[in-house]
Structures are given as C-alpha cells and as structure tokens.
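Engineer: everything below, folded, please.
(one chain, ligands or ions: 1)
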Amino acid sequence: MNPYLIDFPILQEKATEKRLVYLDNAATTQKPLSVIKAVEEYYRASNANPYRGLYQLSVKATQEYENARHTVNEFIGAEDDSEIIFTRNATESLNLVAYSYGLPFLQKGDEITLSVMEHHSNLVPWQMVAKAKGVKLNFLYPDATGHFTDEEIEKKITQNTKLVAVTYVSNVLGTVNPVAKIIDTAHSAGAVVVLDCAQSIPHFPLNVKDLDVDFAAFSGHKMLAPMGIGVLYGKKMLLEKMPPFLTGGEMIEYVYEQDATFAQLPQKFEAGTPNVGGAVGMAEAIRYLQKVGYDTIQKTESELLAYTLQGLSGIPHVTVYGDTASTRNRCGVISFNVDDVHPHDVATILNEDGVAVRAGHHCAQPLMRFLNVNATCRLSLYFYNTKEDIDIFLESLKKVRGWLGYGA
Ligand code: 7TS
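Structural biologist: Sure, this is the predicted structure:
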C-alpha cells in the first residue's frame, strides 16, 4: 500500500465508479489535501489585494505572498527573494526571458542553442527572438538512447552562442539531460543558460546556485501546487538590467503622463494583481514535497519505472521510445506506440479501464519528427502511483489490438 495515496482525495477508491489510474503526471499532478486546504484557508482568512491596502488584511495577504516567495527561494537555493519572480506558469516564465532578455540583448549574428526535445514553450519564444533579431537557432540532437553526448554539446555550443535554453528533463522521453555539462560549456563560451525545470522539479532537487544556472523556469501545477502559479528564477544582476515584460499596475515607481519608472525586483516583473492563493498553495506543495523527500520520490518512481519497462517489454507490438535499457538519468515518463493503432485509440481504450494516459505530440513536434512518428502514447509516473496501477495499465494495454480486430 502506498502511504501517500491517502493524502490525495481524487485518487481515493470509489465504491461505485472505476478507480482512477492516473498516469498523466507530466501534464499535471494531483493535489494533496494539505495544498487544497492551504488555498482554502487563504481565501477564508487572508484574502485581500496585496501591497495596495494599508489595512491589516492587505498586510496579511502581502506577508503570505512574500513568505511563499521566501519558501521558493530556500527550496531552490537562490541568493535572494528578489530573484524569485512569480508568473502564471513555465510558459510565461520562458516568454519573460525571451522578451526581456532575448529581444534587448541578442543581436544579429548571435546564436541560440536549444535541443530538439524542447517543449514548444521553450522553442516558439526563441523562434520569435530569432526572427525579430536575425539570430540563428542551433539544436542538440540525442543519440539512439535519447541522451546528449559530450561531443554533441561541445559541437553545438560555440563562441557565437549567446544563449542556451534547454529542458532539464524531456516531457516525452523522460531523459534527464546533462545540465551541469551544458551549463559549464555554455559559460565557457560566454553564453547565458535558461533551464526549463517544468519536468525536473517534481522529481529531483534544483539548486540554482550549485548549478550556477542563469535562469530557471517551472510551473506549480506539475509539483502538487495549483494551476496558475509558476516561477522564474533569474540571477539578480541579469534581472536588474532587463526591461519589464508586462507593464501596468504594481510594477511601477513613478508614473507621469508620458513616462514611467519601474519598481525594484521582483515587482518590476509582476504586473497586475498577483495570484496570492496560488503562491500560498505552492509554498504548501513545497512543504509537502520536503516531507515526502526527493529520496523517497526517486526510489518509488525508479522502481515503478523499471517495473513498467519490464512489463512493456513482454507485450508484443509495443515500441517504447528513448532509453529502455536503463533507469539511470531517466525519469518515469514513457512514450510508446502500439503497432497499427493510433495513439488516440490506445488512450481511448485504456480510458475504458479508468487508465489516464496522454496521447498526441506532447507539444514537442520537432522531437516527434526526429523520432519519425506523428504522435505517441505517454505514461508518466509520480510517487503516489502503485504497482497495481501499472498492472491495470499493462492488462488494459494487452487488450488494445484485440479490440480493433488485430492479432495479439
Ligand atoms: N516545459 C516542459 C518541459 C513541459 O513539459 C511543459 C508542459 C512546459 C514547459 C509548459 O508548462 P506550462 O505549465 O506552462 O503549460 N508539459 C505538458 C505536458 O507534457 N503535457 O501537458 C503539459
């Protein structure tokens, strides 16, 4: 019995309905009761527009918001609370860097290195910069097991490279990328590094200072927190010289009819009324994650990953993409296809047994082309999953081809 299941109301066994076997954790995670309650408690007892009011409730809301920022700061090992910018999600965080660093600081002839496994959120903003500034985009390609070799990294990050934006973990293959090597190579070339941590932070720690990364982006909803809250970490000296991304209320100092000056960090990058309830939920999610511990999370997931890969290898007509031989440098994300069956049909049939997996291009169309497929089915694990979940998934998967009239 998984001891954490009890904390997640949505995963509780229901007497009348089929049990939910939730294997779409890379899309979003379920929320523990403590997070749901923290958000509820905020709205019950502390809700007011922060910063603006001088009355007690507004001061309380401001404190809760700033406490949440401090919790995030300590969680990722930043130097100062002002390096933590609250956004809506990883997508907004990455756009902030593209608009406020990419556009003003990159010039014609500069190059950006990305990887072919980027989520569109860490690709399309850079295409916008490339078109606007005449910057060239280069791509890292993985080897047959889904990993980037040192040679590939050294070849694609050169003296012309001014910015490197890569994902820590692939949302399709589960590959954990060699970010220390990438950051080291980029810094030697004089480039800044943007790390997309959307898929890593739910599963293992991020220490921005140890990594010496320049920017890091992630979403709360993939790490047990509510939707609508995300984080951009940036080194203070970079954030300070960047112009604002969105403008309006909260982010100003003095405003005149024709001009305005801007607030200090982090408010400079937080225009408009912030999502205080979301930030409070994120801080509680961090406390919950710390209570469970990344060691437990990794141990549980890597056992389940090995168990799932083993089970899949015994089912004929199933192709698994990425590293199937080892669980090293690999998270619990598995993309696969069933011969002659469209992934949407696979996901629809699995749904009949209460199994939730994702099917499609996973917002990673260049990687789909690289893998020579249109789409895949994707199962993604979290520490509240169980072997029983995997058994139900595997049994259901065995029925897929039969349902459509194909031999086993
Ligand atoms: N980066 C990576 C690596 C992601 O996997 C995702 C979302 C994002 C950025 C964007 O996150 P958002 O919260 O701003 O949307 N990935 C997925 C997924 O794999 N299935 O649904 C969303």
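Engineer: how about the residue most central in space within the chain, secondary structure?
Structural biologist: The geometric centre of the chain, computed from its C-alpha atoms, lies nearest to A198 (CA atoms, centre = their mean), at 1.3 Å. What DSSP: H, G, I helix; E, B strand; the rest coil gives for A198 is coil.
Engineer: let me know the pLDDT of it.
Structural biologist: According to the prediction, A198 has pLDDT 98.
Engineer: residues contacting it?
Structural biologist: The contact partners of A198, by CB atoms under 8 Å, 6 or more residues apart in numbering, come to A90, H119, S121, T167, N171, A217, F218, S219, K222. Using the backbone N, CA and C atoms, a C-beta is placed for each residue, glycine as well.
Engineer: which parts of the protein sit against the ligand?
Structural biologist: Applying CB under 6 Å from any ligand atom, one finds that the chain approaches the ligand through 26-27, 89-91, 119, 121-122, 167, 171, 196, 198-199, 219, 358, 362-363.
Engineer: which of those residues are buried?
Structural biologist: By the neighbour-count criterion of 16 or more other CB atoms under 10 Å, the residues of the chain next to the ligand include these buried positions: 26-27, 89-91, 119, 121-122, 167, 171, 196, 198-199, 219, 358, 362-363.
Engineer: just to revisit the earlier point, from L114, how far off is the residue nearest to the centre of the chain?
Structural biologist: Relative to L114, A198 is positioned 15 Å away (criterion: CB to CB, to the nearest Å).
Engineer: not counting its neighbours along the chain, what's nearest the residue nearest to the centre of the chain?
Structural biologist: Beyond its immediate neighbours in the sequence, the residue positioned closest to A198 (CB to CB, 6 or more residues apart in numbering) is A90, lying 4.1 Å away.
Engineer: so what's the residue count around Y307?
Structural biologist: Using other CB atoms under 10 Å, Y307 has 15 neighbouring residues.
Engineer: which residue ranges make up the domains of the chain?
Structural biologist: Using automatic domain parsing, the domains assigned to the chain come out as 5-23+294-403, 35-289.
Engineer: gap between the two ends of the longest one?
Structural biologist: Right, the one you point to is domain 35-289. Using CA to CA, to the nearest Å, one end of domain 35-289 lies 11 Å from the other.
Engineer: I'd like the distance from that domain to the chain centre, please.
Structural biologist: What separates the centre of domain 35-289 from the centre of its chain is 10 Å, taken as CA atoms, centre = their mean, to the nearest Å.
Engineer: if I look at the closest residue to P226 other than its chain neighbours, what pLDDT would I see?
Structural biologist: Closest residue in space to P226, ignoring its immediate chain neighbours: G281 at 4.3 Å, by CB to CB, 6+ apart. pLDDT, G281: 98.
Engineer: let me know the helix or strand that G281 is in.
Structural biologist: Here G281, judged by DSSP states H and E, is contained in helix 276-292.
Engineer: ok, and what's touching the very next helix or strand once past that helix?
Structural biologist: Per DSSP H and E, the first helix or strand lying C-terminal to helix 276-292 is helix 294-313. Residues external to helix 294-313 that are found in contact with it (CB under 8 Å, 6+ apart): 2, 174, 202-205, 289, 318, 320, 324, 327, 330-332, 334, 336, 379, 381-383, 385-387, 390-391, 393-394, 397.
Engineer: now helix 294-313 against helix 276-292, angle please.
Structural biologist: Angle between the axes of helix 294-313 and helix 276-292 is 80 degrees (criterion: axes from the mean of the first three to the mean of the last three CA atoms, to 10 degrees).
Engineer: can you list the buried residues in helix 294-313?
Structural biologist: In helix 294-313, counting by 16+ other CB under 10 Å, buried: I297, Q298, T300, E301, S302, L304, L305, T308, L309, G311, L312.
Engineer: can you put those residues in TSV and add distance to L265?
Structural biologist: Putting these into TSV (distance: CB to CB, whole Å) gives the following:
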residue	distance to L265
I297	31
Q298	33
T300	38
E301	35
S302	38
L304	41
L305	39
T308	43
L309	44
G311	49
L312	47
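Engineer: per-residue confidence at L54?
Structural biologist: Among the per-residue scores, L54 holds a pLDDT of 89.
Engineer: make 805 the first number, not 1, from now on.
Structural biologist: Sure thing, new numbering starts at 805, so read that last one as L858.
Engineer: which helix or strand contains it?
Structural biologist: Using DSSP H and E, L858 falls within no helix or strand.
Engineer: with the one 3 residues further on instead?
Structural biologist: Following DSSP H and E, the helix or strand that holds L861 is helix 860-880.
Engineer: what are the contacting residues of that helix?
Structural biologist: The set of residues that contact helix 860-880 without belonging to it, under CB under 8 Å, 6+ apart, is 846, 850-857, 882, 884-885, 887-888, 890, 1005, 1010-1012, 1020, 1035, 1037, 1070, 1078, 1080, 1083-1084, 1086-1087, 1090-1091, 1094.
Engineer: let's see that with 6 Å instead.
Structural biologist: Residues external to helix 860-880 that are found in contact with it (CB atoms under 6 Å, 6 or more residues apart in numbering): 850, 852, 854-855, 885, 888, 1010, 1012, 1035, 1037, 1080, 1083-1084, 1087, 1090.
Engineer: which among the residues you listed gets closest to the ligand?
Structural biologist: Proximity of these to the ligand, judged by CB to the nearest ligand atom, is greatest for V1035, which lies at 10.9 Å.
Engineer: any idea how many residues pack against the closest one?
Structural biologist: For V1035, which is what you asked about, the neighbour count (other CB under 10 Å) is 29.
Engineer: enumerate every residue touching it.
Structural biologist: With contacts defined as CB under 6 Å, 6+ apart, V1035 is in contact with V876, F1022.
Engineer: hmm, try it at 10 Å
Structural biologist: The neighbours of V1035, taking CB atoms under 10 Å, 6 or more residues apart in numbering as the test, are 873, 876-877, 879-880, 882, 888-891, 893-894, 896-897, 1001, 1005, 1020-1024, 1027, 1029, 1083, 1086.
Engineer: that one: what secondary structure?
Structural biologist: Of the three states, V1035 takes strand under three-state DSSP.
Engineer: returning to that earlier point: got a markdown table for the buried residues of helix 1098-1117, with pLDDT and distance to T866 too?
Structural biologist: Supplementary listing: the buried residues of helix 1098-1117 in a markdown table, determined by pLDDT from 0 to 100; distance: CB to CB, whole Å:
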| residue | pLDDT | distance to T866 |
| --- | --- | --- |
| I1101 | 98 | 32 |
| Q1102 | 97 | 36 |
| T1104 | 97 | 38 |
| E1105 | 97 | 37 |
| S1106 | 96 | 41 |
| L1108 | 97 | 41 |
| L1109 | 97 | 42 |
| T1112 | 98 | 45 |
| L1113 | 97 | 48 |
| G1115 | 98 | 51 |
| L1116 | 98 | 50 |
